[in-house]
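[1] coordinates only, sequence not included:
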Ligand code: 2IT
């Protein structure tokens, strides 16, 4: 129950109307947790129905994706693009290909993206899309035909000043390349309509590393500000073996951390003396799926198990959940705290559930919400858009320095906002209010639309 009856009524309506969209409802509730006293201080929010408007996407496109597999059989998937908010810029956000994809997940991701993109300081609205296509076991030719079939419909809804998709789970440089090729063919234009492109056709250096590196830059600011320390000698757990986890592991190690546990969907490995990071990175690059088996062949004595979330039972100083949503529940959160973990920074989108977040904030575990700490990926996407518009490309060092500056600014903005509103340790509060303010002012200025 909130103090604000406006928020209570709204949340009740959201639950009544979208009750079955549990991921979306959690994302809204997590955001409302930060809005309670703020909506009373700012009566214009209610007067202008800002939150009522913000929780309904401007547009949702759902479409059929028919494609032909290698056996000549016709397959049909569902495609989506949730164009959530264009208050501060063209819709911007990734495409996710995974069999779990549904409207609830894409609405939660699109909603988060509004505030995340706002926090980057770049002019990007919020959007998200994807398909229930399962890339596992598909041939390269099948992935290409699927991406082309998807773009045959999506192309009419996107554009460099309208909506700029990128990657997310299951969508990397290969998929972006195929989608870009088809978009270019259908529109007869060569524009920066997708980000995460290959380096030979408009992609930005550091886009691949950006989310994981950005997470570590943000976490470094937390360590410095709250604890007057850094990553050196800290024991770190990282979940996931995807793009975010890979570069988080790499950067954390570079900054002096000891990686004591890693997981994928099949289980985890842990060694409180530190895992062999070079070997981990080498296996991930070659054979992600057999990651645990390969590692265990060489280090048969490390601790292991086939339940991914048991990773969180490993004693650590810092946890970086980088796999996917709902990886850390209340029980995992309590175990982390009991075993000495003092800081959790989200690399994935919403890996901690609402009870876990509330537990961290109430029990003196520093917590960074993904919309702030994983914003590095979309920030470099924004820099890719700038480079495309300028018809220029910046060096690795230039983009990396800009990324670092953006992550430091996001931290500062979240921290100072949290402090201003009475709880300097609550970065979720800071991120939600700071991200919201820019969107809110833009919505007020643009009238009822
Ligand atoms: O969750 C995210 O921020 C992303 N998947 C990146 C989106 C983007 O447009 O680069």
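    Yep, that arrived. A quick note: this is a predicted structure, and the numbers were derived from the prediction, not measured.

[2] what stretches of the stretch 301-449 of the chain score poorly on pLDDT?
    When residues are selected by pLDDT under 70, none of them lie in the stretch 301-449 of the chain.

[3] Just the closest residue of it to the ligand, please.
    Per C-beta to the nearest ligand atom, residue 381 is where the stretch 301-449 of the chain lies closest to the ligand, at 3.3 Å. Just so you know, the C-beta spots here come from the backbone N, C-alpha and C atoms, and that holds for glycine as well.

[4] count of neighbours near that residue?
    29 (other C-beta atoms under 10 Å).

[5] Could you tell me which residues of the stretch 251-400 of the chain lie near the ligand?
    349, 377, 378, 381 (C-beta under 6 Å from any ligand atom).

[6] Which secondary structure state does residue 83 sit in?
    strand (DSSP: H, G, I helix; E, B strand; the rest coil).

[7] Out of the residues of the stretch 251-400 of the chain next to the ligand, flag the one nearest to residue 77.
    residue 349 (21.6 Å; C-beta to C-beta).

[8] residue ranges of the strands in the stretch 251-400 of the chain, please?
    Here the stretch 251-400 of the chain has its strands, by DSSP state E, counting those that start in this stretch, at 258-264, 267-270, 303-305, 318-321, 343-345, 366-368.

[9] Of those, which is nearest residue 23?
    Of all the strands of the stretch 251-400 of the chain, strand 318-321 comes closest under C-beta to C-beta, at 15.6 Å.

[10] Verify the stated contact: residue 123 with residue 86.
    No. In this structure residue 123 lies outside contact range of residue 86 using C-beta atoms under 8 Å: 10.4 Å.

[11] Take the residues of the stretch 251-400 of the chain next to the ligand and keep only those in helices.
    Residues of those located in helices (DSSP state H): 377, 378, 381.

[12] More neighbours: which of residue 123 and residue 86?
    Legend: neighbour count by other C-beta under 10 Å for residue 123 and residue 86, higher for residue 86 (21 against 16).

[13] Quick check: nearest residue in space to the more buried one, chain neighbours excluded?
    residue 125 (4.1 Å; C-beta to C-beta, 6 or more residues apart in numbering).

[14] isn't that neighbour right next to residue 116, touching?
    No. Judged on C-beta under 8 Å, residue 125 makes no contact with residue 116 at a distance of 11.2 Å.

[15] Can you tell me the closest non-neighbouring residue to the residue most central in space within the chain?
    In the chain, the centroid-proximal residue (C-alpha atoms, centre = their mean) is residue 349; its distance is 4.0 Å. Among residues not flanking residue 349 along the chain, residue 370 sits closest, at 4.9 Å (C-beta to C-beta, 6+ apart).

[16] same thing with residue 409?
    residue 121 (6.2 Å).

[17] looking at this, that neighbour is in a strand?
    No. With three-state DSSP as the criterion, residue 121 is located in coil rather than a strand.

[18] What is the burial count for residue 401?
    Residue 401 has 13 nearby residues by other C-beta under 10 Å.

[19] Just the element for it, please.
    According to DSSP states H and E, residue 401 maps onto helix 396-420.

[20] likewise residue 237?
    Per DSSP H and E: strand 235-239 holds residue 237.

[21] Also residue 76?
    strand 74-85.

[22] For whatever residue of the stretch 1-150 of the chain ends up closest to the ligand, give me phi and psi.
    Residue of the stretch 1-150 of the chain nearest the ligand, by C-beta to the nearest ligand atom: residue 94 (3.0 Å). The phi/psi pair for residue 94 (degrees, to the nearest 10) reads phi -80, psi 170.
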